[in-house]
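J.: this is the structure alone, sequence omitted:
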């Protein structure tokens, strides 16, 4: 199932919600009386009766997810967008997280709490913006995609990603050994690096540290953006149109990009491994013997804005 879908929900009183779902997991936050409960109730009314006066327009079915029998439903159904209210009892359970992660559906989750067991992007956390009876979703957090220097640099990765950034910045780089620990290392003049596509549950904690943030989609996505892959059609498609390429079969874009990078570099000098960094990603191409299909004259380690020499 593709993950980009336009949704319009209307009722007979003229109340409208109009938004686009871009990924497998979309989080909607907000205080009371901002319209979150109204959205869920309208979707529920539309699903329960054609006489409710509520219409839902979308290219795939949009349904409420209720507690009763939800595990069986997620196993049996596919190609849907499920809207989940914050009163959904199993929301923070590992049982729900596992079922949703492997399900071939999209989820719009209404909650004020962080869901650490679900890999969602900080870019897919929204508030509801109202203009009279018309409602839309508005991103809460800006992009954090500029790599800068700092006195201390901490990455969530402890393997190839850690080695990669250490090549840039040397001994000032350390690892938090996971995204859940990253905020513990944050302070002024520190740069925290994490996979943006799965760090949504921790974004608020990261911001409270006062550290600078660098949150690309994933480490593998960063590598795929290198010039050495500019002639690989699937890579370029995945970067330009991720919603079409990364379906709900992947728990998060990080897993898709890891699988893609591993697949296209298999049996080549640039073979990718998560556990150990291949020098092809940090050293300029040597072009010994037969030219490698990923040969490039691009400098593998471009200048970093503000880097302290």
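T.: That came through fine. Computed from a predicted model, the values in this text were never measured in an experiment. Numbering: from 1, shown residues only.
J.: helices and strands of the chain: which one has the lowest mean pLDDT?
T.: The helix or strand of the chain with the poorest confidence is helix 242-245; it has a mean of 86 (mean pLDDT, DSSP states H and E).
J.: identify the residues contacting the helix or strand just after that helix?
T.: Counting by DSSP states H and E, the next helix or strand C-terminal to helix 242-245 is helix 253-265. Helix 253-265 is contacted from outside by 23, 119, 121, 195, 197-198, 217-218, 220-221, 223-224, 229, 232, 234-235, 238, 242, 245-246, 250, 271-272, 274, 294, using Cβ atoms under 8 Å, 6 or more residues apart in numbering. For the C-beta atoms, the positions are set from N, CA and C on the backbone; glycine is no exception.
J.: switch the cut-off to 6 Å
T.: Here helix 253-265 makes contact (Cβ atoms under 6 Å, 6 or more residues apart in numbering) with 195, 197-198, 217-218, 220-221, 224, 232, 246, 250, 271-272.
J.: could you turn the buried ones of those into a ChimeraX selection?
T.: Filtering the contacts of helix 253-265 down to the buried ones (16 or more other Cβ atoms under 10 Å) takes a single ChimeraX command:
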select :195,197,198,217,218,220,221,224,232,246,250,272
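J.: so which elements touch the helix or strand harbouring residue 19?
T.: In this structure, residue 19 is located in strand 16-21 according to DSSP H and E. Counting contacts by 3 or more Cβ pairs under 6 Å, 6 or more residues apart in numbering; DSSP states H and E, strand 16-21 packs against strand 5-10, strand 134-139.
J.: make TSV out of the contacts of helix 253-265 and add distance to residue 177.
T.: Formatted as TSV, the contacts of helix 253-265 follow (distance: Cβ to Cβ, whole Å):
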residue	distance to residue 177
195	14
197	19
198	15
217	21
218	17
220	18
221	21
224	24
232	32
246	26
250	24
271	25
272	21
